[in-house]
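> structure for the following, please:
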Amino acid sequence: MKFFLKIVFVLVLFSTPSCKIKYSLSGASIPVEAQTVSVAFFTNNTTLGSPTLAQRFTEKLRDVVSSQTRLGLVSQNGDLQFEGSIADYNVSPVAIQSTDLAGLNRLTITVNVKYNNKFDAGKNFEQNFTRFADYKSTENINDKEAELVQEIYRQLTEDVFNRAFNNW
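Residues are numbered from 1 along each chain as shown. Sure, this is the predicted structure:
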């Protein structure tokens with residue numbers, strides 16, 4: 001009887017049709033046909049931001065995509081493609097303590113991302129993603145910028161990844 005059940009199990013297992021979407025360990029849904037991904041260099045369209053903002057974002061997005069998918073990273077014309085720009089970099093007061101003094105300042109960064117999926121045009125998008133980080137107004141933005149940008153980019157790349165691969 002056990003032998004018969006094993007045979008039935010094997011037959012059912014191999015007769016089940018395969019799915020068109022492959023799921024990675026990160027939960028991302030990636031077309032089976034897709035083998036490569038390209039992340040073009042993002043441009044910096046801000047007037048206040050550091051000249052290295054675009055380079056750092058591009059590298060962070062490349063790292064996230066290559067570490068969380070099975071796709072090979074290519075320089076251009078990937079099966080799945082990302083491109084875009086740093087659209088805004090803004091520092092503003094958010095917690096006013098007295099008439100002219102802010103308790104906290106907020107660094108806000110917006111990136112515009114265009115995503116192209118060669119296998120499913122319905123997944124293509126162009127969208128702005130915005131994230132921020134607060135810091136004490138007694139601290140100098142130049143001293144805090146690297147730390148704040150790192151945290152904002154972590155959040156932004158997670159948002160972009162989820163939108164592209166998890167339909168969020």
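> quick one: average confidence on stretch 53-64?
Averaging pLDDT along stretch 53-64 yields 97.
> which residues sit against that stretch?
39-44, 46, 73, 82, 85-86, 89, 109, 111, 149, 153-154, 156-158, 160-161 (CB atoms under 8 Å, 6 or more residues apart in numbering). (Glycine included, C-beta is placed from N, CA and C.)
> and those, which are buried?
Burial of those was assessed by neighbour count (16 or more other CB atoms under 10 Å); the buried members are 39-40, 42, 44, 46, 82, 85-86, 89, 109, 111, 149, 153, 156-157, 160-161.
> kindly export the lengthiest strand in the chain (C-alpha atoms) in PDB.
Of all the segments of type strand in the chain, defined by DSSP state E, the longest one is strand 80-98. The C-alpha atoms that make up strand 80-98 are tabulated as PDB, following Å, rounded to 0.1, in the frame of the first residue of the first chain:
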ATOM      1  CA  LEU A  80      13.900  44.000 -16.600                       C
ATOM      2  CA  GLN A  81      15.100  47.600 -16.700                       C
ATOM      3  CA  PHE A  82      15.300  50.400 -14.200                       C
ATOM      4  CA  GLU A  83      16.200  54.000 -15.000                       C
ATOM      5  CA  GLY A  84      15.400  57.400 -13.500                       C
ATOM      6  CA  SER A  85      16.600  60.400 -11.600                       C
ATOM      7  CA  ILE A  86      16.900  62.000  -8.200                       C
ATOM      8  CA  ALA A  87      14.000  64.500  -8.600                       C
ATOM      9  CA  ASP A  88      14.100  66.400  -5.300                       C
ATOM     10  CA  TYR A  89      16.400  66.900  -2.300                       C
ATOM     11  CA  ASN A  90      14.900  69.200   0.400                       C
ATOM     12  CA  VAL A  91      15.700  70.200   4.000                       C
ATOM     13  CA  SER A  92      12.800  71.800   5.900                       C
ATOM     14  CA  PRO A  93      11.900  72.400   9.600                       C
ATOM     15  CA  VAL A  94       9.200  70.100  11.000                       C
ATOM     16  CA  ALA A  95       9.000  70.600  14.800                       C
ATOM     17  CA  ILE A  96       8.800  74.200  15.800                       C
ATOM     18  CA  GLN A  97       9.800  74.800  19.400                       C
ATOM     19  CA  SER A  98       9.300  78.600  19.600                       C
END
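> next SSE after that strand?
strand 101-117 (DSSP states H and E).
> that next one pairs with which strands, parallel or anti?
When pairing is defined by DSSP bridges, strand 101-117 lines up against strand 80-98 (antiparallel), strand 125-136 (antiparallel).
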